[in-house]
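A.B. asks: coords please:
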Amino acid sequence: MANLSKTKTLFAFTSPRTIEKILPEIEILTKNFSGQRWSGNQELQSIFFDVLYKSEYYEGDKYPEDAAFAARDRITRAPKALGFVDLEPSIQLTDAGKELLSTRRIHEIITRQLLKFQLPSPYHSGFRVLFNIRPYLELLRLIHTFGNISKMEIAIFFLQLIHYNNFDTIVNKIHNFRSNAKKFSGSRKTYFFKVINNEILSIYEEEISGGKFKTRESKELSIQKFIRTKRSNMIDYADAFIRYLRATQLITFEKNTYHLIISPFKRNEVEFILRNIPRDALEFKSEEAFKSYLFSPTNVPLLNDDKKLIFDKLKKYKVPIPPKESSLIELKDQLDDVEQLIKETIIEKKSRELKDFKEFDDILKVFKEIEDQVVPDPSLFLEWNVWRSFVMLNYAAKIIGNLILDFDGMPLSTAPAKKPDIEIDFTKYGLIVEVTMSTGETQFKMENESVPRHFGRSKEQLNSNLYCIFIAPNISSGTLAHYFNLNRFQTYYYGGFTKIIPLTIQQFIEFLSVAKNRKFDNPDKLFSWLEDVWQFNNKSSDEIKWYEYISSNVPNWLS
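C.D. replies: Take a look at the predicted model:
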């Protein structure tokens with residue numbers, strides 16, 4: 001765990017990238033290694049990572065040189081710090097971990113555990129007396145106070161909030177930041193770099209004045225390198241705070257600015273939390289006392305723990321009211337069912353709004369913002385925007401986006417590892433769509449096996465003709481060559497011949513523009529184009545000629 005003796009800002013969990021990804025990793029760890037020693041046991045740590053790496057859940061692009069270190073990076077951070085696993089004296093799944101792996105309300109147990117995360121704690125050595133904060137609680141408070149907060153405001157200002165007593169100081173800094181932004185004559189990016197660089201110089205004034213500005217990542221000794229590294233870390237931490245807090249479903253994105261806002265559906269729950277959860281970091285006489293508190297899945301009150309409130313909600317939704325003797329779990333299950341129907345209704349409404357190219361300009365705008373890295377999570381928003389694009393095309397019997405949307409119709413998390421990003425049934429044929437923001441060699445390492453694996457599984461389930469469109473910022477040479485050859489040979493594991501068609505994001509935008517301008521209304525024409533491109537794959541002498549054919553035919557795919 002972190003040593004706070006030299007830490008001057010908040011830090012977040014950057015591994016795994018999203019909190020939902022710890023579920024399979026915790027399950028693999030505790031299912032295979034419970035009761036065994038973790039601490040100092042590099043052999044076991046390496047074995048665990050090898051099992052994880054070979055599983056279908058691992059999404060890294062290469063096998064690390066130090067597997068034991070990679071294992072510790074994944075397990076001793078979020079899973080341990082949030083109380084889902086106990087590693088001392090041996091590996092055990094905690095009660096909170098059991099709840100996480102078994103409950104329908106993953107967001108609820110995540111909320112409770114994030115609200116318990118505090119600095120300092122018995123898990124963090126070298127306590128600084130300046131630290132006294134529950135970071136996720138105070139970030140929720142900051143969003144509620146302003147109504148909206150940007151990722152950059154989190155990076156520049158929130159990370160400085162190491163004691164909750166300084167909350168008003170941070171609020172004033174953000175007010176000044178926003179006020180001065182209106183007077184700044186340059187670009188927003190220039191203003192951001194100017195402010196964050198000045199804040200870094202202020203935060204680390206002691207280190208810089210004493211010449212202690214070497215970073216772990218580099219041997220280069222310069223203030224410029226020090227500032228660049230700190231700036232990059234702060235942005236990464238802001239991103240990580242957003243991802244983990246989003247998993248509570250208490251916050252969402254404002255559609256036009258991508259600022260964080262309290263979900264309108266969750267405002268009462270947030271206000272209950274802000275009224276009832278103490279702001280102080282609790283003190284514990286021993287690590288065992290801390291563990292007892294941390295491992296409990298029920299000792300943080302949430303609004304939905306009130307049975308009367310759930311009855312009131314069910315009455316409001318005008319559904320059959322369960323018997324009064326129903327347990328809290330039974331009531332929550334019924335409320336979940338009702339709210340899931342409401343969510344599906346909202347998504348269906350959003351889908352209707354997309355059809356007939358009514359949202360075409362907005363979809364193009366989002367693609368541009370993904371390219372410019374304006375959106376808070378480019379990979380997630382790419383998946384969401386491509387799903388929106390295919391809904392907009394219309395004329396499919398069924399379109400399933402396997403990403404998770406929140407109650408506000410905004411993307412919450414990407415499709416799980418076992419499923420393709422998007423599944424489309426055109427009755428006569430099927431289409432899956434896979435998207436990635438990865439490029440170059442990383443793209444090949446991440447996508448060379450998962451995409452054809454999803455193709456094979458989907459083909460088996462669909463039991464009919466299937467195609468796959470693969471979309472990325474650019475198509476790497478390795479990825480192109482791999483799909484080109486897979487398409488030419490029968491592979492039993494992938495359901496026979498694969499039919500994977502690679503497109504860049506720009507080519508896909510052109511594909512959509514053609515559909516709009518020529519009034520796409522016949523799925524058979526899409527089938528003809530996909531089949532023609534695949535057939536040319538089999539006739540081409542190499543992948544370069546095949547890709548040139550794809551590129552030249554995108555503008556005429558609907559002719």
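A.B. asks: by contact count, what packs against the helix of greatest length in the chain?
C.D. replies: Under DSSP state H, the helix in the chain containing the largest number of residues is helix 328-354. Where contact means 3 or more Cβ pairs under 8 Å, 6 or more residues apart in numbering; DSSP states H and E, helix 328-354 is packed against helix 307-316, helix 378-393. No exception for glycine: its C-beta is placed from N, CA and C like everyone else's.
A.B. asks: averaging pLDDT over each of those, which comes out lowest?
C.D. replies: Comparing mean pLDDT across the helices and strands packed on helix 328-354, the weakest is helix 307-316, with a mean of 88.
A.B. asks: residue ranges of the strands in this structure, please?
C.D. replies: Ranges of strands in the chain, per DSSP state E, are 85-86, 92-93, 251-253, 260-262, 398-401, 404-405, 411-413, 422-425, 430-435, 466-472, 500-504.
A.B. asks: against Phe290, how distant is the nearest residue to Leu503 once chain neighbours are set aside?
C.D. replies: Setting aside the residues directly before and after it, Leu503 is nearest to Ile471 in space (Cβ to Cβ, 6 or more residues apart in numbering), at 5.4 Å. Distance from Ile471 to Phe290, counting by Cβ to Cβ, to the nearest Å: 46 Å.
A.B. asks: in terms of neighbours, single out the busier of these two.
C.D. replies: With neighbours defined as other Cβ atoms under 10 Å, Ile471 and Phe290 compare such that Ile471 has more, 24 against 19.
A.B. asks: now stretch 49-58 - C-alpha only, CSV.
C.D. replies: Output of stretch 49-58 as CSV, limited to C-alpha atoms (Å, rounded to 0.1, in the frame of the first residue of the first chain):
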residue,chain,number,x,y,z
PHE,A,49,-1.0,-13.7,-12.9
ASP,A,50,-0.4,-16.6,-15.4
VAL,A,51,-3.9,-18.0,-14.7
LEU,A,52,-5.4,-14.5,-15.1
TYR,A,53,-3.4,-13.9,-18.3
LYS,A,54,-4.7,-17.1,-19.9
SER,A,55,-8.3,-16.4,-18.9
GLU,A,56,-10.7,-14.6,-21.3
TYR,A,57,-10.9,-11.7,-18.9
TYR,A,58,-7.4,-10.4,-19.3
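A.B. asks: now that stretch: how far from the chain's centre is it?
C.D. replies: Stretch 49-58 sits 19 Å away from the centroid of its parent chain (Cα atoms, centre = their mean, to the nearest Å).
A.B. asks: one more: stretch 513-528?
C.D. replies: How far stretch 513-528 lies from its chain's middle: 32 Å, per Cα atoms, centre = their mean.
A.B. asks: now do stretch 428-439
C.D. replies: The answer for stretch 428-439 is 19 Å, by Cα atoms, centre = their mean.
A.B. asks: ok, now stretch 165-179?
C.D. replies: From the chain centre to the centre of stretch 165-179 is a distance of 28 Å (Cα atoms, centre = their mean).
A.B. asks: what's in contact with that stretch?
C.D. replies: Applying Cβ atoms under 8 Å, 6 or more residues apart in numbering, the external contacts of stretch 165-179 come out as 132, 138, 141-142, 145-146, 149, 153, 156-158, 160-161, 195.
A.B. asks: buried residues in that stretch, which are they?
C.D. replies: Residues of stretch 165-179 classed as buried under the neighbour-count rule (16 or more other Cβ atoms under 10 Å) are Asn166, Phe167, Ile170, Val171, Lys173, Ile174, Phe177.
A.B. asks: model confidence for the third one, exactly?
C.D. replies: Put plainly, it is Ile170. You'll see Ile170 listed with a pLDDT of 98.
A.B. asks: first-to-last residue distance for stretch 404-414?
C.D. replies: Using Cα to Cα, to the nearest Å, the end-to-end distance of stretch 404-414 comes out at 6 Å.
A.B. asks: cool, stretch 272-288 as well?
C.D. replies: Chord length of stretch 272-288, first to last residue, is 29 Å (Cα to Cα).
A.B. asks: name the residues that touch it?
C.D. replies: Outside stretch 272-288, the residues that reach it (Cβ under 8 Å, 6+ apart) are 111, 115, 118-123, 131-134, 137-138, 140-141, 144, 164, 250, 290, 293, 300-303.
A.B. asks: do the same with stretch 448-466
C.D. replies: 56, 59, 417-420, 423, 425, 428-432, 434, 468, 470, 478-479, 482-483, 486, 491, 493-496, 498-500.
A.B. asks: just the buried ones from the residues you listed?
C.D. replies: Among the contacts of stretch 448-466, those classed as buried by neighbour count (16+ other Cβ under 10 Å) are 419-420, 423, 425, 429-432, 434, 468, 470, 478-479, 482-483, 486, 494-495, 498-500.
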